[in-house]
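1. coords please:
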Amino acid sequence: MGMNLKFFDALKFLVRKPHTVRVPYEKKEPAKRYRGVHVNDWEKCIGCGNCAKICTCQAIEMVEIPTLQPKMGATNLRPKVDYGRCSFCGQCVDVCPTGSLKLSTEYEIISPNVEDFTFIPNLRRDSGPGTGWESSPETSLLDFERVEMPERDPEERKKDFEWVLKGFSEEQAVFEAARCLGCALCVQGCPTGMYIPEYINAIFHKNYDKSVDWMFINNPLPEICGTICTHRCEEACVYHNRGQAVQIRYLKGFAAGKVEDYERVVGISTKKTGKKVALIGAGPASLSCAFYLRREGIDAVIYEAQKVAGGMLKLGIPRYRLPDSILNKEIEFIKKQGVEFKFGVRVGKDITFEQLRKMYDAVFIGTGYHVGSKMGIPGDDGEGVFDAATLLRDVNLGKEVKIGKKVLVIGGGDVAMDATRTALRLGAEEVILSYRRRYVDMPASEEEKHEAEAEGVKFLTQTLPVEIVRDKSGKIAKVKYVETEMVHEEGARRPKPVPKMDNIMEWEIDTVIMAIGQKPDWSFLPEEWKNKIKFDRRMNHIVVDENMMTDVEGIFAGGDIVNPRADAISAIADGRKAALGIIKFLGIKS
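-> Model prediction:
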């Protein structure tokens, strides 16, 4: 009787919907957050390889895609997944800095061919937004927010020339270093190709000696760069895509500042080759070149017209941005390497270029862009009008510079920002910045602009001074200006500012600083050498080959007079590259 009841009870399963899904005849609907096969958005993917690094199953391999072009901050590599190994844990998604990678709810891979279970994911199997295993900055294992560099209060700092930065604490530096994923895409943005992941990893382990040792491989001015570098490496950082880049610049400066005695870490070269090289100008390009020449036993003699070394590092950058203590520390170490400096010697006057050519085995030209420009408008050639390069140089050399209470700075680059902030520190009560284009067109760095605005500089964009009006005594009374209209022209990179001359307005101003560009001084070169050395069409830059040698054998050049980037790190890179070129030219085995 009991058996019969069980039999009839079992009959109900004949009409119930079965739990078993008859794959492949029926499709099983997965959960919304199901972890299936990978999907990769190639437009977002930068080929950093973090997914492959974290995979504990070794299921991901980065492969080259020939149809993709590498660019700064991105490679042409894409992940290839082996589903014979993949455990679908999702860690690869969790550490994807751009959010290009996800696990879709698609899970079926049916094939008799084993090679079909290994492929390069794209968007073909995407199950749609909000499905599968995705990452977001809010839920990611990564920290997309950087540790901000502590700064002095703007109202306090604008009263003096003391350093505006407070510096990282060790805790802050280690925490920021921990964010680095070690993918090395940042190196693509560094002109010197510094070993960034290596020195940041050393900082994380508080091994500052090792960190500095990595830095000196291709940069002999690490603390200077760690203070004022234009940090293009950070633009290539993987976090830059949907977060804040690692503070690469300030981490470098922090670690270099922790090592007071570079000699203890890097050592002093005792090599001797009997070869000697003259370097004209004591800026970052020459300092870098001289350092690496001495490391290989080549005597380096720097001729500098000023009484101090550093070039625009010393004469152009204000001390509130680059303190003398940092500058002097690194220049003194270069002197310790055996580099000889001849200060107050102007090539072309105190010694001829031809003499240098005969006295030395090679000559390096690193004279920089020291000559400021003026607009050429009525009234700009008298008292109260400065070019920014001259003003900044005089202030940095400790000369007395008198300015008025109402200062107008013309320009939109970093030098213009330096001029506005220096004017405040010299006692100006009101500083106006006039720029003929839009705010977004300003070539100055965002941080320089923000710092100037925080200190009270008033930005007036799309304005163009047309005349400086003077009173009977010859002093500036006012500046006439017009507004500009941005006109788009076909094929142009950016709109052109066109003055609206029908409405001339005035500012009450007593000092004008023009920061509209700088140019080189070729007066040290005789005409015959100007004809021998190849220049660009406007004679703004010397043309060099891949070894930084001009078309005259044995004459090398670097820095601003070669490189239009016109920043310290590019000059340092040029100097090292020139040193390697000179070593090769002299036939010395490194």
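
2. Show me what secondary structure element comes after the biggest strand by length in the chain.
-> Assignment by DSSP state E gives strand 476-487 as the longest strand of the chain. Later in the chain than strand 476-487, the nearest helix or strand by DSSP states H and E is strand 496-499.

3. Counting by contacts, list what that next one packs against.
-> strand 463-470, strand 476-487 (3 or more Cβ pairs under 8 Å, 6 or more residues apart in numbering; DSSP states H and E). (Glycine included, C-beta is placed from N, CA and C.)

4. Flag every buried residue along the next helix or strand along the chain from that strand.
-> Proceeding N to C from strand 496-499, the next assigned helix or strand is strand 505-507, under DSSP H and E. Buried residues in strand 505-507, counted by 16 or more other Cβ atoms under 10 Å: Trp507.

5. where's strand 505-507 relative to the chain centroid, distance-wise?
-> Relative to the chain's own centre, strand 505-507 is displaced by 38 Å; criterion: Cα atoms, centre = their mean, to the nearest Å.

6. Surely Lys458 touches Leu433?
-> Yes. In this structure, Lys458 is within contact of Leu433 by Cβ atoms under 8 Å, at 6.8 Å.

7. between the two, which one's more packed in?
-> Between Lys458 and Leu433, Leu433 has the larger neighbour count (other Cβ atoms under 10 Å), namely 28 against 12.

8. Give me the phi and psi for the more buried one.
-> For Leu433, the backbone dihedrals are phi -110, psi 120 (criterion: degrees, to the nearest 10).

9. residues in contact with it?
-> Shown in contact with Leu433 (Cβ atoms under 8 Å, 6 or more residues apart in numbering): 409-412, 416, 420, 452, 457-460.

10. Sort out which of these are buried, if you could.
-> Applying 16+ other Cβ under 10 Å to the contacts of Leu433 flags 409-412, 416, 420, 452, 457, 459 as buried.

11. tell me the two of those residues that are most distant?
-> Spanning the widest gap among the buried ones among the contacts of Leu433 are Ile410 and Ala452, at 14.1 Å by Cβ to Cβ.

12. So what's the gap between the longest strand of the chain and the chain middle?
-> Counting by Cα atoms, centre = their mean, strand 476-487 is centred 33 Å from the centre of its parent chain.

13. Repeat that for stretch 404-418.
-> For stretch 404-418, the separation from the chain centroid amounts to 23 Å (computed by Cα atoms, centre = their mean).

14. Same question for stretch 176-187.
-> 15 Å.

15. Any idea which of the helices and strands packed on strand 496-499 gets closest to Asn540?
-> Between the helices and strands packed on strand 496-499, strand 463-470 lies closest to Asn540; by Cβ to Cβ that is 23.4 Å.

16. wait, doesn't Asp414 sit right on Met442?
-> No. Using Cβ under 8 Å, Asp414 is not in contact with Met442, being 9.6 Å away.

17. the strands in the stretch 201-350 of the chain, which residues?
-> Using DSSP state E, counting those that start in this stretch, the strands found in the stretch 201-350 of the chain span residues 276-280, 299-304, 340-343.

18. Kindly state the pLDDT recorded for the nearest residue to Gln69 once chain neighbours are set aside?
-> Residue nearest to Gln69 in three dimensions, not counting chain neighbours: Asn76, with 6.4 Å by Cβ to Cβ, 6 or more residues apart in numbering. Predicted confidence (pLDDT) for Asn76: 96.

19. do you know how far Asn76 is from Val114?
-> 27 Å (Cβ to Cβ, to the nearest Å).

20. Same check on Gly559?
-> The gap separating Gly559 from Val114 is 58 Å, by Cβ to Cβ.

21. Equivalent analysis for Ala52, please.
-> On the measure of Cβ to Cβ, Ala52 and Val114 end up 21 Å apart.

22. Those two: which is more packed in?
-> Ranked by neighbour count (other Cβ under 10 Å), Ala52 and Val114 place Ala52 first, with 18 against 8.

23. Contacts only, for Pro520.
-> By Cβ under 8 Å, 6+ apart, the neighbours of Pro520 are 367-371, 540-541, 560-561.

24. Check the burial of Lys577 by counting its neighbours.
-> The tally of other residues near Lys577 (other Cβ under 10 Å) stands at 23.
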